[in-house]
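>>> A structural model of the following input is requested.
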Amino acid sequence: MKKRRIKKMPIVILLLIVIGGIVGAMYLMNNGSINTKGSSKKSSKSKTETTKKVDTTKKMSLVAVGDCLIHGAVYMDARTGADSYDFSGMIELVGPEISKYDLRYYNQETIIGGKKLGLSHYPQFNSPEEIGDNMVDLGFNLISLVNNHTLDKGEVGILNSNEFWKTKNVITAGTYSSLEERNDIKVYEKNGIKYAFLAYTTTTNGISVPKGKEYLVNVYSDEKAKEDIDKIKDKVDVIIVSMHWGEEYVFEPTVSQKEIAQYLSSLGVNLIIGSHPHVVEPVGYVGDTLVIYSLGNFLSGQRPMGIDKTIGLMVGMDIVVKDKKVTFENIDKSLLYTYSTTSDTKYKVYPFKDLDDSILSGYKDLEEKYMSIVNSEVKYD
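This is a model prediction of the structure:
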């Protein structure tokens, strides 16, 4: 019996060793599996973090108001001395409205040709330098200088105006003092967005541009627009165009406006800001291009011509660039009213939110009427 037990002992020990080896191997394999999974997760996470797409979204904001049309009654109301004027009180309420935007646009409808040429009003205007000073002091920094009144004081008026605006820290477009200046289309940058600002007019009230000096005034043609846009479209993210176009005192865009809007859109223009009709017109899209057909008047002395000419449009927006695509967000459309007495005094521009019936009787109904025009759809044949 002792011999049998002795013979069986190695077998038992061997079995125990085998079983222990199997258990140990399983334990090691299990731990290895856990560790391997942990390592895999860590590696996967690291890879995800490394390959995470960087957000390339860039944004800048812009607000636009309409025509600064300084009739004699307006500058006489702003007169503070024999040769001095102050328009700041007329426009001060708009300051808080535009201050939150990066770019702040308006159209200087009447030339600032210098007092030595003599101040004048309709039909051929020349405005005091103080209107430009006061608009810039309020915050406007993107200014169109080209329209149907640009040639009211001839070449000297344009040259004087250009020199005046060069003393200001603003961006202007539409009039130039030389061919080299006109052909040197600037590229600007805001919040990482590169943009260009162009301005054209379709009319000069029948006044001819001096021969050989066509650079003075950017008169629109499809060919000129294409040449300008082709120069800079690969250098910028956003192209903004100011268009002085359409028919005066008409609420619906003309066939010509629609055709130009479509053409500029096809060239890659992102935003078109329109003026000239002196009344509000719709805001809408042509493809991906946002078109403000007419902002109406900002400050003018056209009250005797009817309520339509005293109501202008202010449009604010965010311009968003992501992966080379431009979109518009937070588009805010609101109305402005230029108040004056029946004796053409006390001119003041009011945002509609600051109105009451003592300033403009029935203003709520008027707001509904004019906003319905602004929001109406433009139909293309």
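>>> helices and strands of this protein: which one bottoms out on pLDDT?
The helix or strand of the chain with the lowest confidence, counting by mean pLDDT, DSSP states H and E, is helix 2-51 at a mean of 47.
>>> tell me the helix or strand right after it.
strand 58-68 (DSSP states H and E).
>>> pLDDT weak spots in the chain?
1-52 (pLDDT under 70).
>>> ok, longest strand in it?
strand 325-339 (DSSP state E).
>>> can you name every helix or strand that that strand contacts?
Secondary-structure packing of strand 325-339 (3 or more CB pairs under 8 Å, 6 or more residues apart in numbering; DSSP states H and E): strand 297-299, strand 311-322, strand 348-351, helix 363-374. Just so you know, the C-beta spots here come from the backbone N, C-alpha and C atoms, and that holds for glycine as well.
>>> so can I have a markdown table of the ones you listed showing mean neighbour count?
Output for the helices and strands packed on strand 325-339, formatted as a markdown table (neighbours: other CB atoms under 10 Å):
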| stretch | mean neighbour count |
| --- | --- |
| strand 297-299 | 28 |
| strand 311-322 | 21 |
| strand 348-351 | 18 |
| helix 363-374 | 16 |
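>>> rebuild the ones you listed as JSON lines, extending it with distance to Leu145.
Formatted as JSON lines, these follow (distance: least, CB to CB, whole Å):
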{"stretch": "strand 297-299", "distance to Leu145": "15"}
{"stretch": "strand 311-322", "distance to Leu145": "19"}
{"stretch": "strand 348-351", "distance to Leu145": "21"}
{"stretch": "helix 363-374", "distance to Leu145": "25"}
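>>> if we can go back for a sec, ok, the longest strand of the chain: who's next to it in the sheet?
Using DSSP bridges, the strands paired with strand 325-339 in its sheet are strand 311-322 (antiparallel), strand 348-351 (antiparallel).
>>> redo the ones you listed as JSON lines? Include distance to Met371.
Compiled in JSON lines, the strands paired with strand 325-339 are given as follows (distance: least, CB to CB, whole Å):
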{"stretch": "strand 311-322", "distance to Met371": "9"}
{"stretch": "strand 348-351", "distance to Met371": "13"}
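>>> may I see the buried residues of stretch 322-334?
Going by neighbour count (16 or more other CB atoms under 10 Å), the buried part of stretch 322-334 is Val326, Phe328.
>>> what does stretch 54-69 give?
Using 16+ other CB under 10 Å as the test for burial, stretch 54-69 gives Lys58, Lys59, Met60, Ser61, Leu62, Val63, Ala64, Val65, Gly66, Asp67, Cys68, Leu69.
>>> count the neighbours of Tyr380 for me.
Around Tyr380 there are 11 other residues, counting by other CB atoms under 10 Å.
>>> secondary structure class for the nearest residue to Tyr380 once chain neighbours are set aside?
In space, and not counting its chain neighbours, Tyr380 is closest to Lys258: 5.8 Å by CB to CB, 6 or more residues apart in numbering. Secondary structure state of Lys258, per DSSP: H, G, I helix; E, B strand; the rest coil, is helix.
>>> pretty sure Lys258 contacts Val378?
Yes: look at Lys258 against Val378 with CB atoms under 8 Å: they come within range, at 6.9 Å.
>>> in space, what's closest to the most centrally placed residue in the chain - neighbours in sequence excluded?
Nearest residue to the geometric centre of the chain (CA atoms, centre = their mean): Leu62, 3.8 Å. With sequence-adjacent residues excluded and distances taken as CB to CB, 6+ apart, Leu62 is closest to Leu103, at 4.2 Å.
>>> select, out of the helices and strands packed on strand 325-339, the one closest to Asn183.
The closest of the helices and strands packed on strand 325-339 to Asn183 is strand 311-322. By CB to CB, the value is 25.9 Å.
>>> taking helix 363-374 as reference, get the angle to the closest one.
Angle of strand 311-322 versus helix 363-374, following axes from the mean of the first three to the mean of the last three CA atoms, to 10 degrees, is 50 degrees.
>>> of the buried residues of stretch 54-69, which is the nearest to Thr175?
For the buried residues of stretch 54-69, the nearest to Thr175 is Cys68 (15.0 Å; CB to CB).
>>> contacting residues for that closest one?
Contacts for Cys68 were tallied using CB atoms under 8 Å, 6 or more residues apart in numbering; they are Tyr106, Asn107, Gln108, Glu109, Thr110, Ile131, Met135, Phe298, Leu299, Ser300.
>>> what is the nearest of those residues to Asp83?
For those, the nearest to Asp83 is Ile131 (14.3 Å; CB to CB).
>>> and that closest one, that's in a helix?
Yes: the assignment for Ile131 is a helix, going by three-state DSSP.
>>> next, count neighbours for it.
Ile131, neighbours per other CB under 10 Å, totals 24.
>>> so how far is Thr345 from it?
Counting by CB to CB, to the nearest Å, the separation of Ile131 from Thr345 is 17 Å.
>>> and the nearest residue in space to Asp230 that is not next to it in sequence, how far from Lys309?
Among residues not flanking Asp230 along the chain, Leu267 sits closest, at 7.9 Å (CB to CB, 6+ apart). Going from Leu267 to Lys309 by CB to CB gives 32 Å.
>>> of the two, which one has the most company?
Neighbours per residue (other CB under 10 Å) separate Leu267 from Lys309, with Lys309 holding more: 22 against 16.
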